[in-house]
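[1] got a predicted structure here, sequence first:
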2 protein chains.
Amino acid sequence: MKIAILGYGNLGRGVEAAIRQNNEMELVAVFTRRAPETLKIKSENVPVLHIDDAEKMKDKIDVLIICGGSATDLPVQTPKYAEYFNVIDSFDTHAKIPEHFAKVDAVAKKSGKVGVISVGWDPGMFSINRMYAGAILPDGADYTFWGKGVSQGHSDAIRRIEGVIDARQYTVPVPEALDAVRSGSNPELTTRQKHTRECFVVAEEGADLAKIENEIKTMPNYFADYDTTVTFITAEEMKLNHSELPHGGKVIRSGKTGWNGEHSHIIEYSLKLDSNPEFTSSVLVAYARAAYKLNQEGKSGCFTVLDIAPTYISPLSAEELRKKLL
Amino acid sequence: MKIAILGYGNLGRGVEAAIRQNNEMELVAVFTRRAPETLKIKSENVPVLHIDDAEKMKDKIDVLIICGGSATDLPVQTPKYAEYFNVIDSFDTHAKIPEHFAKVDAVAKKSGKVGVISVGWDPGMFSINRMYAGAILPDGADYTFWGKGVSQGHSDAIRRIEGVIDARQYTVPVPEALDAVRSGSNPELTTRQKHTRECFVVAEEGADLAKIENEIKTMPNYFADYDTTVTFITAEEMKLNHSELPHGGKVIRSGKTGWNGEHSHIIEYSLKLDSNPEFTSSVLVAYARAAYKLNQEGKSGCFTVLDIAPTYISPLSAEELRKKLL
């Protein structure tokens, strides 16, 4: 299976590494918007090409994994390249997924290719788990907790404050809220009761720290509805202790069964990730396999993780899977 | 969607209750091997019929949920009734699943019906989670823990010992083993290190308790490889404290990503079930919907949970699911 990567940021580098873990896959090209000669990739003997040359490679690539951002890259790139390739992306602007789906579906149906969108963990594995748990326990409630992990959006928001050089924001689930959900009591939880926000900030010399802390804690949408802590650290401490991008979270469904709803059940799916982008990349690579298999079967159009049977993402045959995993 | 139940034990009663939670489903018949007039079911205005009359109802039932045992019932019943109905079962003799699949597949392909086998939580939801996690993190290890919960097979084994009136055996995961797995250290664990077995026994008056305890603890396959505790209780205590059938467990995958495997990840799927049979029944009912939808699309033959896309088990449309869950 010949794979190409479009975009070589954290996600693209993660895909490059994940392909090495899958024997039947081969990385055949990395496409970039930069001048190709300025980009050094880790794989040897794999060409780095300008994005404008992608179309010429259309018969040499089985799946193009698009590693751009959801704000401006993917809404354009995924439909565009679905004309030439089986494509896959991690589009994660939840509210715009139906619109993105429709655009990719129209192009891919016409070109006879497969597009798989919104692949990763949320949307992605978390969506799958909400879907299974909700169908199995219709009389119940869903809870999603994120963290402990770095929220890049919240870190960026802090960096935009005057006097801030660098910042890292961790989203942390509240242990008491988790316990309440796991008890099966179906609690109603406010935003503040579910997560706290821990901020580590490097400030300019002489900056007004009290003012920065207040600006963070009162920032609407991002921090005002949460219990937030702000800790000022040095640039060295930031580099030493906060240079990784861990994340994770839990999707929990609590539901009842029985003639009178007399029995409670808890289904919990939990991720603890040392590297958020590398895990997302690993999910992308598994679903690249599905895109390829679906297209080999003659399918075309747009798919999401909810539309794809589990066997499609495995390198093993359905027979082997039945024997080994059931 | 018109559903019928074959077999009215714990599982059949659970299916009856689960159907009530799904608006678009209707229970239209319960089939039994007993004399139908001796069987009292909870649903009003639903006929109880003898199993020999099932075939006559073939045009009035969309899916037959077969609630028999894996040892002798399902190997015969599921292929037999796949000739007339879309069928679904919870066949759980892991080693014989490929053989059972082949038999059901042959009949269902010929009759144009859909059979879904081995539905429940293990096999079932645990299999799905092993499949997803293994495909996403190919460089890793799988761990399955069961419990805390009642093992009916182990309880039965104790009941066969001379002098024992009743027994309940709980399988309990060892907390230290769970911690080691969750740390990402990929430990190698022996049988004894993973689970302990707690036995509650009602003995005959005057029975040799030390002898019973020794027979339990040294029983090959069932207890000899485990740290086992035996507690003798009264029949009243048994009824009061051990009349339910809770169970559950965890499927954990620990794996590495990165160019040099430098990042660890933990994927954990966990079930905490007040009623093992009712939860299994709820999974059966959700997959009955899938059997019906697949057959409506013109599909036939045998399927497992691994072969079925998540959307099929939901009452919502693919569009609604994309909007709500992704």
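    The structure has been received and is ready for your questions. Numbers count the residues shown, from 1 in each chain, chains lettered A, B, ... in the order given.

[2] and residue A:322, backbone torsions?
    phi -60, psi -40 (degrees, to the nearest 10).

[3] just to check, it is in contact with residue B:305?
    No - the pair residue A:322 / residue B:305 is not scored as a contact, 10.2 Å apart, by Cβ atoms under 8 Å. C-beta: built from backbone N, CA, C; applies to glycine.

[4] so which of the two has more stuff around it?
    residue B:305 (29 against 24; other Cβ atoms under 10 Å in any protein chain shown).

[5] now residue A:111. Nearest residue, chain neighbours left out?
    Leaving aside its chain neighbours, residue A:111 sits nearest to residue A:83 (4.9 Å; criterion: Cβ to Cβ, 6 or more residues apart in numbering or on different chains).

[6] let me see the backbone angles for the one you found.
    Main-chain dihedrals, residue A:83, degrees, to the nearest 10: phi -70, psi -30.

[7] thought it was touching residue A:112?
    No - Residue A:83 is beyond contact range of residue A:112, at 10.1 Å (criterion: Cβ under 8 Å).

[8] which parts of the stretch 101-250 of chain A are strands?
    A:114-116, A:140-146, A:149-150, A:164-173, A:195-203, A:227-232, A:247-257 (DSSP state E, counting those that start in this stretch).

[9] okay, those, which one's buried deepest?
    Sort the strands of the stretch 101-250 of chain A by mean neighbour count, taking mean count of other Cβ atoms under 10 Å in any protein chain shown, and strand A:114-116 sits at the top with a mean of 29.

[10] tell me the strands beside that strand, with direction?
    strand A:86-88 (parallel), strand A:301-303 (parallel) (DSSP bridges).

[11] tell me the buried residues in the first one?
    Counting neighbours by 16 or more other Cβ atoms under 10 Å in any protein chain shown, one finds that the buried residues in strand A:86-88 are A:86, A:87, A:88.

[12] these into TSV, with extra columns for distance to residue B:106 and pLDDT?
    Output for the buried residues of strand A:86-88, formatted as TSV (distance: Cβ to Cβ, whole Å; pLDDT from 0 to 100):
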residue	distance to residue B:106	pLDDT
A:86	34	98
A:87	39	98
A:88	36	98
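
[13] residue A:162 versus the residue nearest to residue A:33 when sequence neighbours are not counted, what's the distance?
    With Cβ to Cβ, 6+ apart as the criterion, residue A:33 has its nearest non-adjacent residue at 5.2 Å, and that residue is residue A:51. Per Cβ to Cβ, to the nearest Å, residue A:51 is found 36 Å from residue A:162.

[14] so between those two, which is more surrounded?
    residue A:51 (15 against 11).

[15] residue contacts, the more buried one?
    Neighbouring residues of residue A:51 by Cβ atoms under 8 Å, 6 or more residues apart in numbering or on different chains: A:6, A:31, A:32, A:33.

[16] mind checking pLDDT for the third one?
    Read that as residue A:32. Residue A:32 is assigned a predicted lDDT (pLDDT) of 97.

[17] pretty sure it sits against residue A:7.
    Yes - here residue A:32 lies in contact with residue A:7, judged by Cβ under 8 Å, at a distance of 7.1 Å.

[18] these two: which is more packed in?
    Taking other Cβ under 10 Å, residue A:32 and residue A:7 do not tie; residue A:7 has more neighbours (23 against 19).

[19] spit out the contact partners of the more buried one.
    The contact partners of residue A:7, by Cβ under 8 Å, 6+ apart, come to A:31, A:32, A:33, A:66, A:67, A:68, A:73.

[20] redo that, cut-off 6 Å
    Counting by Cβ atoms under 6 Å, 6 or more residues apart in numbering or on different chains, residue A:7 makes contact with A:67, A:68.

[21] and the one 4 residues further on, by the same measure?
    With contacts taken as Cβ under 6 Å, 6+ apart, residue A:11 has the following neighbours: A:67, A:277, A:281.

[22] nearest to residue A:196 among the contacts of residue A:51?
    Nearest to residue A:196 among these: residue A:6, at 37.0 Å, using Cβ to Cβ.

[23] roughly how far does the closest one sit from chain B?
    Applying Cβ to the nearest Cβ, to the nearest Å, the value for residue A:6 to chain B is 20 Å.

[24] how far away is residue A:304 from residue A:119?
    Residue A:304 is 8 Å from residue A:119, by Cβ to Cβ.

[25] more neighbours, the two?
    Between residue A:304 and residue A:119, residue A:119 has the larger neighbour count (other Cβ under 10 Å), namely 30 against 27.

[26] return the residues in contact with that one.
    A:88, A:90, A:283, A:284, A:287.

[27] same thing with residue A:248?
    Contact partners of residue A:248, counting by Cβ under 6 Å, 6+ apart, are A:149, A:271, A:272, A:273.

[28] phi first, then psi, for the spatially most central residue of chain A.
    The centroid of chain A falls nearest to residue A:120 when counting by Cα atoms, centre = their mean (3.8 Å). With angles defined as degrees, to the nearest 10, residue A:120 sits at phi 160, psi -140.

[29] quick one: residue A:306 and residue B:310 touch, right?
    Yes - between residue A:306 and residue B:310 there is a contact under Cβ atoms under 6 Å: 4.9 Å.
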